[in-house]
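Engineer: prediction below, plus the sequence it came from.
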Amino acid sequence: MINKKTITKIIKKITKREQVIPDQRLMHPKREWSFGLVLFLILVLTGGTYALFAFNSYSGISVDHEVVEVDQLHYKRADALKAIEVYQLKKNVFETELANSLVREAFNAELETETGAESESGEVLEGGVVDQTTSSPVPETEETVDPLKEEVFLE
Amino acid sequence: MKRVINKTQISFLIAFTFMLLGTLSLVGLVYVIEGNAIKLRERVGAIAYQKAQAEERYETERLLEETKEERTALSSFVLTEGSVIDFITNIETIASSLGLEFNTKTITPEETKDKNFDELSMQFSFSGPNSSVEKLMAVFEIIPHHSYIRDLNVRQSEGGNLWTVDMTLVVTIIEHD
């Protein structure tokens, strides 16, 4: 077991100055050259490592490798085609109805003319009113199609 | 007292100077290389952006050319300022042929958030036999233009055969023909 005396002895041995002649030389060529060489090697290695890193990093720079985000135009073709289909269907039905209306208008105008002529010639019904119940304003021919009752519209 | 510098000290100073110059050169070169690298990256980024934009422009032009017919068809389903009168005339023609008394009360332009489109609010009033009114209302449902019915008010006469409708139809119009 180490006692206090032993510890004191060890400390004294460590702290005691060696009784040698101190080195009076300012320069130690071997030490300086070694130090210089190590510094030089550190400098060269650092520079070389950086050069290698820079070469690897910057030689890969290319326009093709750049990821760039540009505003893109999105065209929803399916939606557009669907809309065209729906509205084209509506257009067909509407135009047919419009055409039928024009026929009805023309028919009504013709009917009014005929009725006026008949009134002038005295061919009127009792009470002086033209019987319009027998003459529908709409010409009920087989060719007349009511587009509003078509299956397409009902969907 | 004159200080004498021996050969070893001279060698040391020369070596130290060279070492310092080498270190400074290395730091300077790193600084220049990094500066140039930043500029290079910026220019490459700008070129890549221009290239991507050119490609996107080409794609857009191709898409515009490809979809020309579709877009023309679609735009025909949206009224223009010039075609509104024709549209109302057509509706009035149909209403008249159905024996309805049709009246266009107001036409009011309304702004929308979309910079390409505006809306036109039209107030109509029509009355007549219920079957004819139903038919005209069905016509309003198949208007081949982008539109919607905002308000609809149907009143029935005491006899029940005569209906009166007040409605507001909103149609979309393209700002520029």
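Structural biologist: Looks like it arrived, so ask away. Numbering: from 1, shown residues only, chains lettered A, B, ... in the order given.
Engineer: now B:Gly159. Its backbone dihedrals?
Structural biologist: Main-chain dihedrals, B:Gly159, degrees, to the nearest 10: phi -70, psi -30.
Engineer: same question for B:Tyr148.
Structural biologist: Torsion angles, degrees, to the nearest 10, at B:Tyr148: phi -150, psi 160.
Engineer: give me the number of residues near it?
Structural biologist: If you count neighbours by other C-beta atoms under 10 Å in any protein chain shown, B:Tyr148 ends up with 12. For glycine as for every other residue, the C-beta is placed from the backbone atoms N, C-alpha and C.
Engineer: cool, and B:Arg150?
Structural biologist: 13.
Engineer: and the gap between it and chain A?
Structural biologist: From B:Arg150 across to chain A, the span is 19 Å (C-beta to the nearest C-beta, to the nearest Å).
Engineer: so that residue sits right up against B:Val171, yeah?
Structural biologist: No - B:Arg150 is not in contact with B:Val171 according to C-beta atoms under 8 Å; the separation is 10.6 Å.
Engineer: quick check: B:Asn153 vs B:Ser147, distance?
Structural biologist: B:Asn153 sits 18 Å away from B:Ser147, going by C-beta to C-beta, to the nearest Å.
Engineer: mind listing what's buried along stretch A:104-120?
Structural biologist: A:104, A:107-108, A:111, A:115 (16 or more other C-beta atoms under 10 Å in any protein chain shown).
Engineer: any weak-confidence spans in chain B?
Structural biologist: B:1-2, B:176-177 (pLDDT under 70).
Engineer: who has more neighbours, B:Asn153 and B:Ser147?
Structural biologist: Taking neighbours as other C-beta under 10 Å, B:Asn153 and B:Ser147 compare with B:Ser147 leading, 21 against 10.
Engineer: show me what that one is bridged to.
Structural biologist: B:Val171 (DSSP bridges).
Engineer: returning to that earlier point: can you narrow the buried residues of stretch A:104-120 to ones near chain B?
Structural biologist: A:104, A:108 (C-beta under 8 Å from any C-beta of the partner chain).
Engineer: what's the closest of the buried residues of stretch A:104-120 to B:Arg41?
Structural biologist: Ranked by distance to B:Arg41 (C-beta to C-beta), these are led by A:Arg104 at 75.0 Å.
Engineer: name the SS class of the closest one, please.
Structural biologist: helix (DSSP: H, G, I helix; E, B strand; the rest coil).
Engineer: quick check: closest non-adjacent residue to it.
Structural biologist: Closest residue to A:Arg104 apart from its sequence neighbours, by C-beta to C-beta, 6 or more residues apart in numbering or on different chains: B:Ser97 at 3.9 Å.
Engineer: thinking that neighbour is in contact with A:Ala109, fair?
Structural biologist: No - judged on C-beta under 8 Å, B:Ser97 makes no contact with A:Ala109 at a distance of 10.4 Å.
Engineer: got the buried residues for stretch A:80-89?
Structural biologist: For stretch A:80-89, a neighbour-count test (16+ other C-beta under 10 Å) marks A:83-84, A:87, A:89 as buried.
Engineer: residues making contact with it?
Structural biologist: Residues outside stretch A:80-89 that contact it (C-beta atoms under 8 Å, 6 or more residues apart in numbering or on different chains): A:152, B:67, B:70-71, B:73-74, B:77, B:144-145.
Engineer: before we move on, what about stretch B:48-57?
Structural biologist: In contact with stretch B:48-57 (C-beta under 8 Å, 6+ apart) are residues A:63-64, A:66, A:68-73.
Engineer: possible to save these as TSV with distance to B:Asp86?
Structural biologist: Formatted as TSV, the contacts of stretch B:48-57 follow (distance: C-beta to C-beta, whole Å):
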residue	distance to B:Asp86
A:Val63	54
A:Asp64	55
A:Glu66	53
A:Val68	48
A:Glu69	45
A:Val70	42
A:Asp71	38
A:Gln72	38
A:Leu73	32
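Engineer: ChimeraX command for the buried members of those residues?
Structural biologist: Buried residues within those, by 16+ other C-beta under 10 Å, are selected in ChimeraX with:
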select /A:63,66,68
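Engineer: filter the contacts of stretch B:48-57 down to the ones close to chain B.
Structural biologist: Contacts with chain B within these, counted by C-beta under 8 Å from any C-beta: A:63-64, A:66, A:68-73.
Engineer: just confirm B:Val165 is within a strand.
Structural biologist: Yes - counting by three-state DSSP, B:Val165 is found in a strand.
Engineer: for it, list the residues it contacts.
Structural biologist: Neighbouring residues of B:Val165 by C-beta under 8 Å, 6+ apart: B:124-127, B:133, B:136-137, B:152-155.
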